[in-house]
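Visitor: following is a predicted model, sequence given first.
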Amino acid sequence: MSTPKDGGPAFPITGYPRDPGMTLRDYFAAAALPGIITGAVVAGLGPDDKHTYDTVAARAYAQADQMLRLRKE
């Protein structure tokens, strides 16, 4: 049985197959956000930078993807 690329449900609730909740990938990305946001602030990116939110989100998911890859090893 293979593991989904998103890691599957982070907090599965039995009996509710239609709403598995957030994925492990989402959870890892959310956990990475504080450090990534801090890094963006230190780098001088602010809320007025139209690319800030996309950049932060992309970096959070890139970190989550790496965590999932390493988790398989």
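Guide: In hand now; what should we look at?
Visitor: okay, CA-based contacts and neighbour counts for the rest of this
Guide: OK.
Visitor: residue ranges with poor pLDDT in the chain?
Guide: 1-4, 12, 14-20, 47-51 (pLDDT under 70).
Visitor: mind listing the helices for the protein?
Guide: Here the chain has its helices, by DSSP state H, at 24-42, 52-72.
Visitor: give me the contact list for the first one.
Guide: Defining contact as CA atoms under 8 Å, 6 or more residues apart in numbering, one finds that helix 24-42 is touched by 6-11, 46, 52, 56-57, 59-65, 67-68.
Visitor: now the angle from it to helix 52-72?
Guide: 130 degrees (axes from the mean of the first three to the mean of the last three CA atoms, to 10 degrees).
Visitor: number the residues from 26 up from this point.
Guide: Sure, I'll start counting at 26 from here, so that last one is helix 49-67.
Visitor: circling back to that earlier point, can I get the helices of the chain in CSV including mean neighbour count?
Guide: Putting the helices of the chain into CSV (neighbours: other CA atoms under 10 Å) gives the following:
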stretch, mean neighbour count
helix 49-67, 17
helix 77-97, 16
